[in-house]
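In: After the sequence you'll find the predicted model.
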There are 2 protein chains.
Amino acid sequence: MKQPKLDKGSFIPIYHQLFKHFEGLILSGELVPGDMLPTEMEFSEQLGISRMTVRRVISELAAAGMVYTVKGKGTFVAEPKLDEVAFSLNQRIEDLGYDRPMSTHLLECRIIKAEEPISTRLRIDKGTHCLFCRIVTRTGRIPLIYKTYYTIYTKKAPLIENQLRDMTLTRIASQHSENLPSRTKRILMASSARKDEAAVLDIEHNYPVFFMTETIYDQDNKVIAWGKSVFNGKHYRFVSYGGWNLDELKKSEEGLSDV
Amino acid sequence: MKQPKLDKGSFIPIYHQLFKHFEGLILSGELVPGDMLPTEMEFSEQLGISRMTVRRVISELAAAGMVYTVKGKGTFVAEPKLDEVAFSLNQRIEDLGYDRPMSTHLLECRIIKAEEPISTRLRIDKGTHCLFCRIVTRTGRIPLIYKTYYTIYTKKAPLIENQLRDMTLTRIASQHSENLPSRTKRILMASSARKDEAAVLDIEHNYPVFFMTETIYDQDNKVIAWGKSVFNGKHYRFVSYGGWNLDELKKSEEGLSDV
DNA sequence: TAGTGGTCTAGACCACGTT
DNA sequence: ACGTGGTCTAGACCACTAA
């Protein structure tokens, strides 16, 4: 076990220095899964720091998933969780030329009277006033996402189109509904583009797309907004990395595969 | 501020009792985003517990995203993060009748000599030996996922088909490659079923599907396994919930929407 | 019985924000 | 100047594990 070098006079907290030390050992492979770390007392004595400080380091390593503790036995290096997958919306799509900034364009925005199936989605009576928006998100000239949003319109706030840039459904809902959004549910499906969607996204009819519904609930689990998003299957991918030490992996990106 | 009731003699740690107390206040809406919590000293004195114990409670609330601290000011209830979306593979598909257990069926499993494009995917020479598997995952009689896996076959472990049940690519890789899997990269795309895929998944040709590639890397970022999975778009959905107090929401499930 | 991690205490000094 | 959270100490007692 390499002795960590701590600078007690540094403005960097001891627990952070020690955390980085072990993070380095684990990421570099000097400590492999199953290895036991020194006991808390060994740490405390050999480094001349309090056991509570040692425990803080270990608890942060454990929170990061890199170690686990067993009462009465010791602290051990954990296995990386390779089968935990999380595809995130906010993640950047990875492909050449997609690092241009995303821009949001408002195609349509007005007050409508809810009819089927929107009245069912929002769980309101037919004819109730709703805010209706159609939005397309582009990167450069490539259309990526086509969103259609419906929000219960109780607040009667003015429609300020400039403020709809980069808008998410939750933000629109919080501006135009009396009740604040508290919970969300999103469902992602595989689909193919309808004609109108294909036209907006600049793809062929029936081209593969991601289709996502969003439902926004308030504190009382009442629906205050509903929306659907169509993601351009030609240019949109969800990426998920697993394990530790991912930086190098992300740098060495290869061209993407098609079917 | 309601005074929490703590049982110091209980076998339940004080920090956990206090955590549950505040979790309840926040989930029920008695504490709303922006509200300031009592200061650490107030806690410590009024409840007769150490400030370090109070700090542990707050740090766990902060880790759960329910509060945030500002140095020199205080601790405040946080806004729920409604726009953070994470679609997880391991999540149950939600739909009626899908709560039957998933079963895995091995369609094919043998050693092959790598040709294009697999040799490129695995970054090996043509002709190198690989383990090749085709697997279908079903729930009841409904086929959900069709997986095709390629693993570098250096370990020469025997092919035990029984052990391939419920297998993930990382597990197969760890059994048949000398180097242990350390990192993964997964890419999710929208696609439509080819004829062979449609046959396995019991859907029409060109029916919408999710298409996912998996690449498994070892400690040195060398590829040790590659695979593709086709998810039946008719029956597979990714679901993501956001915000707090989601239990009630998940109970009140509605029928799913189509395009 | 000895050693481990888990909980908890009663202090200390500091950096930061407000008044 | 004062109060806040952030860091750190030097102990204590406990429950659990292993020899």
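Out: Structure received.
In: Skip the chain neighbours and tell me the closest residue to residue A:35.
Out: On the basis of Cβ to Cβ, 6 or more residues apart in numbering or on different chains, the spatially nearest residue to residue A:35 that is not a chain neighbour turns out to be residue A:77, at 4.6 Å. (Glycine included, C-beta is placed from N, CA and C.)
In: Over to residue A:180?
Out: Using Cβ to Cβ, 6+ apart, the nearest residue to residue A:180 is residue A:174, at 5.6 Å.
In: Going by neighbour count, list what's buried in the one helix or strand the one you found maps to.
Out: Using DSSP states H and E, residue A:174 falls within helix A:169-176. Using 16 or more other Cβ atoms under 10 Å in any protein chain shown as the test for burial, helix A:169-176 gives A:169-170, A:172-176.
In: now stretch A:35-44
Out: Neighbour-count burial for stretch A:35-44 [16+ other Cβ under 10 Å]: A:37, A:40, A:43-44.
In: got those residues as CSV, with secondary structure and pLDDT columns?
Out: Output for the buried residues of stretch A:35-44, formatted as CSV (DSSP: H, G, I helix; E, B strand; the rest coil; pLDDT from 0 to 100):
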residue, secondary structure, pLDDT
A:37, coil, 96
A:40, helix, 96
A:43, helix, 90
A:44, helix, 93
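In: Now tell me what touches the helix holding residue A:174 from outside.
Out: For helix A:169-176, contacts defined as Cβ atoms under 8 Å, 6 or more residues apart in numbering or on different chains pick out A:131, A:133, A:147, A:149, A:151-155, A:157, A:163-164, A:180-181, A:184, A:214, A:216, A:224-225, A:227, B:82-83.
In: Out of those, which end up buried?
Out: Listed as buried from the contacts of helix A:169-176 are A:131, A:133, A:147, A:149, A:151-153, A:164, A:180-181, A:184, A:214, A:216, A:224-225, A:227, B:82; burial here means 16+ other Cβ under 10 Å.
In: Please flag which of those sit within helices.
Out: Among the buried ones among the contacts of helix A:169-176, DSSP state H puts none in helices.
In: Quick check: the most centrally placed residue in chain A vs residue A:189, distance?
Out: Against the mean C-alpha coordinate of chain A, by Cα atoms, centre = their mean, the closest residue is residue A:88 at 3.9 Å. Per Cβ to Cβ, to the nearest Å, residue A:88 is found 17 Å from residue A:189.
In: Over to residue A:120?
Out: On the measure of Cβ to Cβ, residue A:120 and residue A:189 end up 18 Å apart.
In: Look at the two and report which has more neighbours.
Out: A direct count of neighbours by other Cβ atoms under 10 Å in any protein chain shown for residue A:120 and residue A:189 places residue A:189 higher, at 22 against 15.
In: Figure out the helix or strand that that one lives in.
Out: strand A:181-192.
In: which strands and helices sit next to the following helix or strand past that strand?
Out: Once strand A:181-192 ends, the next helix or strand along the chain (criterion: DSSP H and E) is helix A:195-201. When contacts are defined as 3 or more Cβ pairs under 8 Å, 6 or more residues apart in numbering or on different chains; DSSP states H and E, helix A:195-201 sits against strand A:142-152, strand A:223-232.
In: burial measure for the residue nearest to residue A:235 when sequence neighbours are not counted, as a count.
Out: Among residues not flanking residue A:235 along the chain, residue A:142 sits closest, at 5.5 Å (Cβ to Cβ, 6+ apart). For residue A:142, the number of neighbouring residues by other Cβ under 10 Å comes to 18.
In: Could you give the bridge partners of residue A:142?
Out: residue A:139 (DSSP bridges).
In: cool, and residue A:185?
Out: residue A:215, residue B:241.
In: on that earlier part again, would you turn the buried residues of helix A:169-176 into TSV with distance to DNA strand C and pLDDT?
Out: Below are the buried residues of helix A:169-176 laid out as TSV (distance: Cβ to the nearest atom of the strand, whole Å; pLDDT from 0 to 100):
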residue	distance to DNA strand C	pLDDT
A:169	32	91
A:170	28	91
A:172	30	87
A:173	30	89
A:174	25	86
A:175	26	83
A:176	31	82
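In: In terms of secondary structure, what does whichever strand or helix holds residue A:60 contact?
Out: Here residue A:60, judged by DSSP H and E, is contained in helix A:51-63. The contact analysis (3+ Cβ pairs under 8 Å, 6+ apart) places helix A:51-63 against helix A:14-28, helix A:40-47, strand A:67-70.
In: Can you lay out those as a markdown table showing distance to DNA strand C?
Out: Output for the helices and strands packed on helix A:51-63, formatted as a markdown table (distance: least, Cβ to the nearest atom of the strand, whole Å):
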| stretch | distance to DNA strand C |
| --- | --- |
| helix A:14-28 | 13 |
| helix A:40-47 | 4 |
| strand A:67-70 | 4 |
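In: okay, these, which one's buried deepest?
Out: Stretch with highest mean neighbour count among the helices and strands packed on helix A:51-63: helix A:14-28 (a mean of 17; mean count of other Cβ atoms under 10 Å in any protein chain shown).
In: how does chain A divide into domains?
Out: A:14-77, A:102-232 (automatic domain parsing).
In: For the shortest one, measure first residue to last.
Out: Here the two ends of domain A:14-77 are set 21 Å apart, with distance taken as Cα to Cα, to the nearest Å.
In: ok now it, how far from the chain's centre?
Out: Distance, stretch centre to chain centre, for domain A:14-77: 29 Å (Cα atoms, centre = their mean, to the nearest Å).
In: ok, that domain near DNA strand D or not?
Out: Yes. Contact between domain A:14-77 and DNA strand D, assessed by Cβ under 7 Å from any atom of the strand, occurs at A:14-16, A:48-53, A:56, A:70-73.
In: Show the contacting residues for the closest residue to residue A:200 other than its chain neighbours.
Out: Nearest residue to residue A:200, sequence neighbours excluded (Cβ to Cβ, 6+ apart): residue A:146, at 4.6 Å. Contact partners of residue A:146, counting by Cβ under 8 Å, 6+ apart, are A:134-137, A:197, A:200-201, A:229-230, A:232.
In: nearest to DNA strand D, of these?
Out: residue A:137 (36.1 Å; Cβ to the nearest atom of the strand).
In: In which helix or strand does residue A:12 reside?
Out: Short version, using DSSP H and E: residue A:12 is in no helix or strand.
In: what's the answer for residue A:79, then?
Out: Per DSSP H and E, there is no helix or strand for residue A:79.
In: list the contacts for it?
Out: Residue A:79 touches residue A:33, counting by Cβ under 8 Å, 6+ apart.
In: Give me the pLDDT for it.
Out: Per-residue pLDDT puts residue A:79 at 94.
In: What separation do you get for it and residue A:68?
Out: 9 Å.
In: Would you list the phi and psi of the residue of the stretch 51-200 of chain A found nearest DNA strand D?
Out: Nearest residue of the stretch 51-200 of chain A to DNA strand D: residue A:72, at 2.5 Å (Cβ to the nearest atom of the strand). Here the main-chain torsion angles of residue A:72 (degrees, to the nearest 10) amount to phi 80, psi -10.
In: For it, the count of nearby residues, please.
Out: 4.
In: Need the per-residue pLDDT for it.
Out: 95.
In: for it, what are its contacts?
Out: No contacts exist for residue A:72 under Cβ under 8 Å, 6+ apart.
In: do the same with residue A:82
Out: Contacts of residue A:82 (Cβ under 8 Å, 6+ apart): A:242-243, B:170, B:181-184, B:216.
In: where does chain A have low pLDDT?
Out: Within chain A, the ranges that satisfy pLDDT under 70 run A:1-2, A:91-99, A:155-166, A:247-259.
In: Point out the residues in it that sit beside DNA strand D.
Out: Residues of chain A lying near DNA strand D (Cβ under 7 Å from any atom of the strand): A:13-16, A:48-53, A:56, A:70-73.
In: What is the nearest of these to DNA strand C?
Out: Using Cβ to the nearest atom of the strand, those come closest to DNA strand C at residue A:72, 3.4 Å.
In: Check the gap between the residue in the stretch 101-250 of chain A that DNA strand D sits nearest to and residue B:182 for me.
Out: For the stretch 101-250 of chain A, the residue closest to DNA strand D is residue A:244, as judged by Cβ to the nearest atom of the strand, at 22.9 Å. Per Cβ to Cβ, residue A:244 is found 7 Å from residue B:182.
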